[in-house]
Structures are given as C-alpha cells and as structure tokens.
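> following is a predicted model, sequence given first.
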Amino acid sequence: MKSDTVYKFSAVLFIIFSISNFDLQISTGGDNLVYLALKDSLIGGSGFKDIYLASEPPHLRFTPGFPLLLCIPALISKSSLILYKAYVYILAILTLFVIFLISKKINKKELFFLSILIPHFYYFSSHIFSEMPFTLSILLSYFYFLKYQEENSSKNILLTFLFAFSSLFIRKIGLTLLMAFAIYFLIKKEFKKALLFLLPGLIFISLWEYLNHLFTGKSAILWLTDRPFLDKTVGINIAGLLKRLIINIKNYLFIFLPYLFFPWNFSMFSMVICSLLVTALILFQTIRQRKLTLVNIWLILYFLTLFMWPSNWGTYRFLFPIFFFLLEILYDAYKNINVHVIKSILKPVVIALIFTNIIYISLKGFQITRNNIKIIKNDKYAGLPYKWRGYIKLCSWLKENIPEDEIIITRKPVFVYYFGKHKATPYPFTYNKNVVWAEIKRYKYVLMDNFIWTTKEYLIPVIIEKWDSLEILKAKNGSLILKIKEKPKHPEPEPF
C-alpha cells in the first residue's frame, strides 16, 4: 500500500475514533482536578499552591509545566471543563502530527497507523492529564534530534534541548531524556553538547527536590523511602529495595505493558501471553541491534527509574509516553525475523490483535458517545461508576448546604473543592485513632467514601469507634457526610 494511502486512511480512522471517544465526563483520577486547581492558583495570583487544601501549602508533587499550559485556555474561560478537554484534544492532534513527521522521516509509515490503534491514546486525548503534553515534548525533541543528525545545525540541537527540557518541566521523569542525550553525546565525545543537556536538568531537579524537602520535611529522594506519604515516611533498606524491584518488574512487564497495547485483556493468562510476545520481540530487536542508540539509552534509564519508583505508585500511565518508541522496536523486530515459520505464526496473531484493538476502540467509542448524549440531556453524572457518582453528588450537596468557610475532611479534597466549592483536608494516614479523631474534632465535617482503600484502613475504624459522637447529614451510594454532634446546651436556671 502506498504511503499516502496509509497516512490518509489512518487520519480518517483517527478522526472517527477520537470524536467517538471524546469523553465529556470528568475523570475520577484525581490528578486532572489537581491540575485545574493549580491553574486556578496561578491565574488567581496565589502562586503555585494547593489552594483546595485548608492550609494552602506550596505544591511540590508536580512540576509546573502542565498547569502553566492550562493557563492559555483560561484566557478564554476559567471554568469551562469542555474547553480544557478540547485544549488537550488539540495537543493530541499535534502529538499525532509529530508522529506522522517522524514516521515519514524514518520511512516507517506503518508506525503512524499503529499509533492510531493505541486505545489509551483516545483516553488521554480528552482527559486533563499531563500524558499528552509530556509525550508531545518528548516526540518533538526526538524529531529535531533526527533533523540534527541530518543537518548538524545549532538550531536543531537547541530545539532538541528546549523540548527535552520542557518534558522535565512537565514531569520529573523527563530528566531521564536529558541524561540520555548527555550520555549519547559523551559517547560521541561531544562534551559541550553533553553539558548542555546535563547541567540545566540537574540544576532544576536539585532545586525542586531541595524545595520539596524544605517545605514538607520529607526525604527529597522519594524513591529511597518506603511507602511515601502513607502513615509515615521512613528510609528503605536493601531488602525493601529488592522487593520493590521485583514487584515493579512483574507489574510493568506482565500487567502494565500488555495493558498499554491491549487493554481488552480479560484474564491473567491472556495478559501473560501478550506480555511474553511483546517482551520477546523487544529483547530480540535490542540484542540484534548490537549498538547503543539514543532511544536505547533513554529507555534503559526510563525503565530503571520506573523499576526503582515506589511500587504503590506504579501505573500503565507511566508507559504511555514511550508507546511510540516501543512500537518502533516491535515493528523492527517483526520485520527482522528471518525464520519463515516464526513469521508465518506471528503474522495472523498481529493481524488478530490489530482487529481486536479496532473493535475495542469502536465499542468504547459507542459507550462514551451514549454517555455523552445523556450528559448533553442534563444527566451530568452519566458514565461515572456507581460509588463515585454518590461521592460526587455529596460534594455538590456541600456547596448548597454547608457554610462556605467550613473545612471538610475527606480522602479526595480536590473533588470537594471542584464540585463542593469548599476547602478540604485529607484525614491523617495513620493507624493512631486518637490522631485521626483529633483532626475530625478540629474541623467537624467528614465526607466518607466506602471504596478507597485508605479510607477503610485509616478512617472507617475511627468512625465506627466514635459512631455515637457523630450524626449523618446525607448519604448517597454508600458514601456519607458526617458531623460531630453538638453537645446539648443546658438552659440557664430561672431566677427566683
């Protein structure tokens, strides 16, 4: 098939899939609302702060790149969710356009078509997460690096650096890309270029982690801590580090990696089969290549970071920004298999996987479109899981029924801020019931979910123990709004 035909067909397919999968509903992953709150903080002149929390502390979890980008559509509207979703959708189109440019430059038109068939591409095209701008920064850096290899101009190397640095500005793991460039140029003995990529990245991340330690009192190097932010943060020992490594390797290779490409897997068996197929092809191509390319260096650093990161933070989302590079390795591995028997077995498997993804994206699009129609008809909770629907309805109830200056204790403060227009604070992540109860007494109001594991671990035991001291103000789908009972006031004795 001619290149132009493949590109045109892929573009038409993307338009159909992206429109049908454009989700008008908010994502229950709390990060998207945190980004919106940080955007509010920036445009409101409060600085880079968690303004949804009672204490409004400086925000030091995410780097400020994506919230700053969200300030651009805020010039049109500060509160339109659809506008911010459309903005992310435009970033997705730009990302796909860069994939088109790279595919054309390296003469691998099939990569553009295969990128269209990544189901999660459509999820991140309509939800307000940093995946899309982060991926776009990485791909732009790679594109100008390819141009630099052709033309060797200072303009191309500067653009390569700027987009690589912008990836760090959006996510801290972007440092791995800067380090990969530095190592690549050190191998090439181009020391000035190596310093250009290495020093600014190290200075930025050092300052960021220093501020983190200064304001939070926690370890600046979180991957050296055990269960960060849960209960208490303590240093991790060698045995704990090895355990984390094993858990992460298992999760990323046998759960997250196959889920990235084939989220329709319904059993552990099918996920393991897909994982073995993908891993085997990647290893085959890596060994066959016999040279250390920039992409290889970066992927090694990237995966090492993921494997050493706290396992309770592990997610397939961390693999999404590298999907194009994994696709290229898989594509090259398939093309380079010379054994006819193996290729004849793999070919129908690959075709079946492609058609399965097309069916999955189509069915998902039908489901999302149906929910979107309900949302347009004023069912604003359409598409939300049953328990989340109740939790968000209670957040909205707070706005109308609880005084604006009251602070709410809950697991997801940013949802209370967004839907309930109240500041909130999380309950302490500790098994010490006295500490949790003291916090409840301090603020009076509790929004208790019944589906997040930390609530079951830390909050519910205290609620059960102090049940007689609390009253239910509102209940919905298993979630409760509770208030500490006020002690009855004894009437003043009448004078004789």
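All right, it came through fine.
> show me what residue 425 is bridged to.
residue 409 (DSSP bridges).
> average pLDDT for whatever helix or strand residue 483 lives in?
Secondary structure from DSSP states H and E places residue 483 in strand 479-484. Average pLDDT, strand 479-484: 95.
> repeat for stretch 210-230
62.
> equivalent analysis for stretch 106-126, please.
On average, stretch 106-126 scores 95.
> using CSV, list the CA coordinates for it.
Provided in CSV are the C-alpha atoms of stretch 106-126 (Å, rounded to 0.1, in the frame of the first residue of the first chain):
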residue,chain,number,x,y,z
ILE,A,106,12.4,7.3,9.2
ASN,A,107,10.3,5.8,6.3
LYS,A,108,8.1,3.7,8.5
LYS,A,109,4.5,4.6,7.6
GLU,A,110,3.1,1.6,9.5
LEU,A,111,4.1,3.3,12.8
PHE,A,112,1.6,6.1,12.1
PHE,A,113,-1.1,3.6,11.5
LEU,A,114,-0.2,1.5,14.6
SER,A,115,-0.2,4.6,16.8
ILE,A,116,-3.8,5.2,15.8
LEU,A,117,-4.6,1.8,17.3
ILE,A,118,-3.4,2.5,20.8
PRO,A,119,-6.7,2.7,22.8
HIS,A,120,-5.3,4.8,25.6
PHE,A,121,-4.3,7.5,23.1
TYR,A,122,-8.0,8.4,23.0
TYR,A,123,-8.4,8.4,26.7
PHE,A,124,-5.6,10.8,27.2
SER,A,125,-6.9,12.9,24.3
SER,A,126,-10.0,14.0,26.2
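> quick check: buried residues in it?
108-126 (16 or more other CB atoms under 10 Å). Backbone N, C-alpha and C define where each C-beta goes, glycine included.
> so which of those are in helices?
Secondary structure defined by DSSP state H assigns 109-116, 119-126 of the buried residues of stretch 106-126 to helices.
> closest to residue 357 out of those?
The nearest member of those to residue 357, counting by CB to CB, is residue 119 at 6.2 Å.
> before we move on, the earlier item: the strand holding residue 483: how far from the chain's middle?
Averaging C-alpha positions (CA atoms, centre = their mean, to the nearest Å) puts strand 479-484 30 Å from its chain's average.
> name the strands paired with that strand and say parallel or antiparallel.
Assessed with DSSP bridges, strand 479-484 is paired to strand 445-448 (antiparallel), strand 470-476 (antiparallel).
> and residue 56, its phi and psi?
Here is the backbone geometry of residue 56 (degrees, to the nearest 10): phi 50, psi 60.
> what about the closest residue to it other than its chain neighbours, distance to residue 26?
Excluding the flanking residues, the one nearest residue 56 by CB to CB, 6 or more residues apart in numbering is residue 49, at 5.1 Å. For residue 49, the distance to residue 26 equals 22 Å [CB to CB, to the nearest Å].
> need the contact partners of the strand holding residue 483.
387, 390-391, 394, 397-398, 440-441, 444-450, 463, 469-475 (CB atoms under 8 Å, 6 or more residues apart in numbering).
> just the buried members of those residues?
387, 390-391, 394, 397-398, 440, 444-449, 463, 470, 473-474.
> returning to what we had before: from the ones in helices among the buried residues of stretch 106-126, pick the one nearest residue 319.
Closest to residue 319 out of those is residue 120 (9.1 Å), distances taken as CB to CB.
> what comes up buried for the helix or strand hosting residue 373?
Using DSSP H and E, residue 373 sits within helix 340-376. Across helix 340-376, burial judged by 16+ other CB under 10 Å covers 346, 353, 357, 361, 364, 365, 368, 371, 372.
> Throw these into TSV and include pLDDT and distance to residue 205, thanks.
Below are those laid out as TSV (pLDDT from 0 to 100; distance: CB to CB, whole Å):
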residue	pLDDT	distance to residue 205
346	83	41
353	86	38
357	93	36
361	96	37
364	96	37
365	96	39
368	97	37
371	96	40
372	97	40
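> now do the contacts for the residue nearest the centre of the chain.
Nearest residue to the geometric centre of the chain (CA atoms, centre = their mean): residue 317, 5.2 Å. Contacts for residue 317 were tallied using CB under 8 Å, 6+ apart; they are 129, 131.
> quick check: phi and psi at it.
The phi/psi pair for residue 317 (degrees, to the nearest 10) reads phi -60, psi -30.
> how about the CA coordinates for the host helix or strand of residue 331, as CSV?
Counting by DSSP H and E, the element that carries residue 331 is helix 323-336. Provided in CSV are the C-alpha atoms of helix 323-336 (Å, rounded to 0.1, in the frame of the first residue of the first chain):
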residue,chain,number,x,y,z
PHE,A,323,4.5,3.9,23.4
PHE,A,324,5.8,5.2,20.0
PHE,A,325,9.4,4.1,20.7
LEU,A,326,8.2,0.7,21.9
LEU,A,327,6.1,0.4,18.7
GLU,A,328,9.1,1.2,16.6
ILE,A,329,11.2,-1.6,18.4
LEU,A,330,8.3,-4.1,18.0
TYR,A,331,7.9,-3.1,14.3
ASP,A,332,11.6,-3.5,13.6
ALA,A,333,11.7,-6.8,15.5
TYR,A,334,8.8,-8.2,13.4
LYS,A,335,10.4,-7.0,10.1
ASN,A,336,13.8,-8.5,11.0
